[in-house]
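Student: what shape does this take:
(chains A and B)
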Protein chains: 2
Amino acid sequence: MAKEITSREENYSQWYNDIVRKANLADHSDVRGCMVIKPHGFAIWENMKNQLDKMFKDTGHVNAYFPLFIPKSYLSKEADHVDGFAKECAVVTHHRLMNDPDGNGVVVDPSAKLEEELIVRPTSETIIWNTYRDWISSYRDLPLLINQWANVVRWEMRTRLFLRTAEFLWQEGHTAHASVEEAVEETRRMLDVYATFAEEYMAMPVIKGVKTANERFAGADDTYTIEALMQDGKALQSGTSHFLGQNFAKAFDVTFLDENNQSNHVWATSWGVSTRLMGALIMAHSDDAGLVIPPRLAPTQVVIVPIPKPGDEIDAAADRIMNELREKGITVKYDNDKKRRPGFKFAEHEMHGTPVRLGIGKRDLANGTIEVARRDTKTKESVNIDDIAAHVEQLLVDIQDNLFNRAKAYLDEHITEVNSWDEFKEVLESKGGFISAHWDGTSESELKIKELTKATIRCIPLDNKQEEGKCVLTGNPSKERVLFAKAY
Amino acid sequence: MAKEITSREENYSQWYNDIVRKANLADHSDVRGCMVIKPHGFAIWENMKNQLDKMFKDTGHVNAYFPLFIPKSYLSKEADHVDGFAKECAVVTHHRLMNDPDGNGVVVDPSAKLEEELIVRPTSETIIWNTYRDWISSYRDLPLLINQWANVVRWEMRTRLFLRTAEFLWQEGHTAHASVEEAVEETRRMLDVYATFAEEYMAMPVIKGVKTANERFAGADDTYTIEALMQDGKALQSGTSHFLGQNFAKAFDVTFLDENNQSNHVWATSWGVSTRLMGALIMAHSDDAGLVIPPRLAPTQVVIVPIPKPGDEIDAAADRIMNELREKGITVKYDNDKKRRPGFKFAEHEMHGTPVRLGIGKRDLANGTIEVARRDTKTKESVNIDDIAAHVEQLLVDIQDNLFNRAKAYLDEHITEVNSWDEFKEVLESKGGFISAHWDGTSESELKIKELTKATIRCIPLDNKQEEGKCVLTGNPSKERVLFAKAY
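Tutor: Numbers count the residues shown, from 1 in each chain, chains lettered A, B, ... in the order given. Predicted coordinates:
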């Protein structure tokens, strides 16, 4: 089965596509740019979603749901916002089909044209701030801490499963505050939530930073980001948290009376992560044998395979072990399908990324042992059957830690300080990863570097060291280094 | 606060709208027919969703996600299906906006017209069966037991919050089977899941039955339904489970090789419930003081109100009670907002439907008692503080039971057997509810009765008693009674 996958070395991009398809994560649909998320992929996304949702609620947020459609005129109310989204949106113009007078199926009914076209939401700031106007009148109504889980559509011309699709699933938090300080604090808090989730659940180390003006969300005063590094040395923006200032409050006329009865515009944030995280998860850990999933996000943490096939004695041992593991809150499945052989099952569970595989054979049982295989290192050991539950419990922690540490070591090795333009180009081409370099702070230099090398400024790290230096491109003075990389 | 609600007697329809708005469940949006589900409403829906999702998984189903958009030509592939949905769908025709040459915001870019229009899914049979063709080739691939949680759009001309909206949230199960028997069994199993959910969680008794041909889902061979009765005597279809035969398999050419290597078309089911259940829940239990929620679906089961205001001693007692309740898995909130008085809080929690309210005052504490108020009966009692957790635990069970029993008694009282046309009209107008009457089995009589009275056949109950009789309208011979009602 593993042979069906292209190796990373041979063709990283094809390796990624192979994993997504062979591990049953997603498929292209017949609808341009839209994917089908298959059950195994969706189960991982559900685990991500449930954990994130818990973290949002633990920080005081509640969920709500806003319309899929946005009146065209709303988009125009915030000038930067419309520039950012008008060029890639799905437009609903009619509300009825009718039988083709020529007898060829159905056609759009021209008499059912909408007075104003509706946009399928690419993001929901406009429709939400239009609603908040009715919900906010006094400081007592603030803060408003709302999140929504939803599908959104951006008409991307070049799509890749999970990484860039026309329709994707995401969450979007939209909060409203009485003061600038509180809004900035919220923006940073949610960035921290994303970073904690990425590191502790996805086992994926990230760099927290702020975007340059060029890379900001359309309508934001500041965009914060978590940036991860994939195994091919390219960066992947994994979550963003935006400080929106009073831009949307002004565009939609959302004001509140403060404690002194003064009317002020409301301060806003928005923040989101999407099914793109699935792409990040895949590329952060997987290998040439298939998917690797951190135990804390694995739909099935442990699979038990009977060798060579199920039978009374083996079934009884499997039942006992399953009960012991479930008591510890571990998810476990017994793969007792008689139609398939152990070798096939091993390959399949390896491809699907199940963190731990237990093999139970009659000879093992006679010896009182179980074969324990871990997916991350592909090593096996024989463990006393009486110790198996405690062993597996610790092993899942070890695997989670190992995946993080491995990715962290890779990240640390791939942040390279450079001090000249030649060095910049050389490191970018030969080694990849993040390049820490001085930049003169101008949009011109940033765009020129992108044009020359395809590298973009991923972020200005938070709490960045201030040091005098010279821009790697222009030699103009600079106060700090920023992180460049090629990116997904 | 309660005065803000129209009474049921005065105007039932206005009472419903008042509850939805004043209990912060949902709002109309600026987008025609689309609602905003507010945090309190969404929290109830989340509880419904979580419980249903668990029940689907316990019966072997997995979740997946299919595209929002359906190519127009797919709709036409199943003849009945397109007739059922073409007249009320949102059609995407373009994928880009551009600046208006006249300077008035943005307009549709005529050069970005899609080759084939896309329909925003009104239901997903077509896109899913088009996908299943690639997933199914052998009997080993069956059954396929997949569910999706999604938003769908049907361009309804007359909308009501939750009950009938252009966009709504739902789940749609789509299963594929090797035999007709297995598919019928699945259809019935999911109807049972819905009935169990309605009765045990929503505390809403339902009648299980099968629809007449006129009332079937467009593309189904049989539609099963659960029908509930609202407090105004109108029925509400609360969930449907469809046996689709081989209709979609034939339309999308989905075949499998059976164990004898023979090629056959696959058998299908689909089943769904939606945010319409929110409307059912509201109308099943609520009263003139606001929302009433069964404890098993309440976002907050118990609220503690300090009287007249928080203070060290009361806070400490509240903390202790909260810990005791949380240990029992009960959700509890301490409403210690100092800006609002107890009377305001009482009215608000009553409006929001919180099942149990505990009042803690200094005098109570001195006596070692807590005031316990239940939302369903609006009665109060004084309970010893040491017994409070056990008391509340039992009380939540009692409230759940009481709501069900109350609704069940109402339902039982409102199923009336009638044997003449005059009696039919009389009962329908004066008493409402379900009318059990003989019908000659023809579509003509069914439609004539609807035209004359607005009553429709809600269902032919499962395991219906067979008895000779005469059609209430035509006098023609009939083998069984069916249930008529006016319906939402």
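Student: now the helices for chain A?
Tutor: A:12-22, A:39-58, A:72-75, A:79-85, A:125-135, A:180-200, A:247-251, A:276-285, A:312-327, A:342-352, A:362-367, A:388-413, A:421-430, A:443-453 (DSSP state H).
Student: show me the domain layout of chain A.
Tutor: Chain A is divided into the following domains under automatic domain parsing: A:2-285, A:300-395, A:415-485.
Student: can you give me how far the last one is from the chain middle?
Tutor: This means domain A:415-485. Centroid displacement of domain A:415-485 relative to its chain, using C-alpha atoms, centre = their mean, to the nearest Å, is 25 Å.
Student: how about the first one?
Tutor: In this view, domain A:2-285 has its centroid 11 Å away from the chain centroid, taken as C-alpha atoms, centre = their mean.
Student: A:Asn260 - how many residues pack around it?
Tutor: 7 (other C-beta atoms under 10 Å in any protein chain shown). For every residue, glycine as well, the C-beta is placed using N, CA and C.
Student: hmm, back to that, deepest of the helices of chain A, which one?
Tutor: Most buried of the helices of chain A, by mean neighbour count (mean count of other C-beta atoms under 10 Å in any protein chain shown): helix A:276-285, with a mean of 25.
Student: right, and the domains of chain A - which one's nearest chain B?
Tutor: domain A:2-285 (3.7 Å; C-beta to the nearest C-beta).
Student: any chance of a markdown table for the helices of chain A, columns mean pLDDT and distance to chain B?
Tutor: Shown next, in a markdown table, are the helices of chain A (pLDDT from 0 to 100; distance: least, C-beta to the nearest C-beta, whole Å):
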| stretch | mean pLDDT | distance to chain B |
| --- | --- | --- |
| helix A:12-22 | 97 | 11 |
| helix A:39-58 | 98 | 4 |
| helix A:72-75 | 92 | 6 |
| helix A:79-85 | 86 | 6 |
| helix A:125-135 | 97 | 6 |
| helix A:180-200 | 98 | 17 |
| helix A:247-251 | 97 | 13 |
| helix A:276-285 | 98 | 11 |
| helix A:312-327 | 97 | 15 |
| helix A:342-352 | 96 | 12 |
| helix A:362-367 | 92 | 27 |
| helix A:388-413 | 98 | 22 |
| helix A:421-430 | 98 | 33 |
| helix A:443-453 | 98 | 22 |
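Student: so which of the domains of chain A comes closest to B:Glu348?
Tutor: The minimum distance between B:Glu348 and the domains of chain A falls on domain A:2-285, with 13.2 Å, by C-beta to C-beta.
Student: thinking again about what came up before, would you reformat the domains of chain A as TSV and include distance to B:Gly441?
Tutor: Shown next, in TSV, are the domains of chain A (distance: least, C-beta to C-beta, whole Å):
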stretch	distance to B:Gly441
domain A:2-285	30
domain A:300-395	46
domain A:415-485	70
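Student: need the helices of chain A in JSON lines (columns: distance to B:Ser241).
Tutor: As requested, the helices of chain A are exported to JSON lines (distance: least, C-beta to C-beta, whole Å):
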{"stretch": "helix A:12-22", "distance to B:Ser241": "32"}
{"stretch": "helix A:39-58", "distance to B:Ser241": "21"}
{"stretch": "helix A:72-75", "distance to B:Ser241": "39"}
{"stretch": "helix A:79-85", "distance to B:Ser241": "40"}
{"stretch": "helix A:125-135", "distance to B:Ser241": "34"}
{"stretch": "helix A:180-200", "distance to B:Ser241": "37"}
{"stretch": "helix A:247-251", "distance to B:Ser241": "43"}
{"stretch": "helix A:276-285", "distance to B:Ser241": "31"}
{"stretch": "helix A:312-327", "distance to B:Ser241": "31"}
{"stretch": "helix A:342-352", "distance to B:Ser241": "31"}
{"stretch": "helix A:362-367", "distance to B:Ser241": "44"}
{"stretch": "helix A:388-413", "distance to B:Ser241": "39"}
{"stretch": "helix A:421-430", "distance to B:Ser241": "58"}
{"stretch": "helix A:443-453", "distance to B:Ser241": "55"}
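Student: tell me which of the ones you listed sits nearest to B:Gln246.
Tutor: Across those (criterion: C-beta to C-beta), the nearest stretch is helix A:39-58, sitting at 23.4 Å.
Student: that closest one vs helix A:342-352, what angle?
Tutor: On the basis of axes from the mean of the first three to the mean of the last three C-alpha atoms, to 10 degrees, helix A:39-58 is oriented at 40 degrees to helix A:342-352.
Student: show me what helix A:39-58 is packed against.
Tutor: Contacts defined by 3 or more C-beta pairs under 8 Å, 6 or more residues apart in numbering or on different chains; DSSP states H and E place helix A:39-58 against strand A:144-153, strand A:167-177, helix A:180-200, helix A:276-285, strand B:62-63.
Student: circling back: and the domains of chain A: which comes nearest B:Asp386?
Tutor: domain A:2-285 (31.2 Å).
Student: so A:Tyr194 makes contact with A:Val273?
Tutor: Yes: between A:Tyr194 and A:Val273 there is a contact at 6.1 Å, judged by C-beta atoms under 8 Å.
Student: and for those two, which residues touch both?
Tutor: A:238-239 (C-beta atoms under 8 Å, 6 or more residues apart in numbering or on different chains).
Student: how much space between the most centrally placed residue in chain A and A:Tyr488?
Tutor: Centrality entry for chain A: nearest residue to the mean C-alpha point is A:Leu277, 1.8 Å, by C-alpha atoms, centre = their mean. As judged by C-beta to C-beta, to the nearest Å, A:Leu277 and A:Tyr488 stand 12 Å apart.
Student: on that earlier part again, between the domains of chain A, which gets nearest to B:Ala409?
Tutor: domain A:2-285 (34.5 Å).
Student: point out the residues in the stretch 101-250 of chain A that sit beside chain B.
Tutor: A:105-106, A:108, A:117-120, A:127, A:130-131, A:134, A:140, A:146, A:150-151, A:153, A:155, A:167, A:169 (C-beta under 8 Å from any C-beta of the partner chain).
Student: go with 6 Å
Tutor: By the rule C-beta under 6 Å from any C-beta of the partner chain, the part of the stretch 101-250 of chain A lying against chain B is A:105-106, A:108, A:117, A:131, A:151, A:155, A:167.
Student: can I get stretch A:219-234 in PDB? Just the C-alpha atoms.
Tutor: Backbone C-alpha positions of stretch A:219-234 (Å, rounded to 0.1, in the frame of the first residue of the first chain) are rendered in PDB as follows:
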ATOM      1  CA  GLY A 219     -10.200  46.000   6.700                       C
ATOM      2  CA  ALA A 220      -7.900  45.400   9.600                       C
ATOM      3  CA  ASP A 221      -5.600  47.800  11.400                       C
ATOM      4  CA  ASP A 222      -3.300  44.900  12.500                       C
ATOM      5  CA  THR A 223      -3.200  41.200  11.600                       C
ATOM      6  CA  TYR A 224      -1.600  38.800  14.000                       C
ATOM      7  CA  THR A 225      -0.600  35.400  12.700                       C
ATOM      8  CA  ILE A 226       0.800  32.000  13.700                       C
ATOM      9  CA  GLU A 227       3.200  30.700  11.100                       C
ATOM     10  CA  ALA A 228       4.200  27.000  10.900                       C
ATOM     11  CA  LEU A 229       6.900  25.400   8.900                       C
ATOM     12  CA  MET A 230       6.200  22.400   6.600                       C
ATOM     13  CA  GLN A 231       8.700  19.600   5.900                       C
ATOM     14  CA  ASP A 232       9.600  21.100   2.500                       C
ATOM     15  CA  GLY A 233      10.800  24.300   4.100                       C
ATOM     16  CA  LYS A 234       7.800  26.400   3.200                       C
END
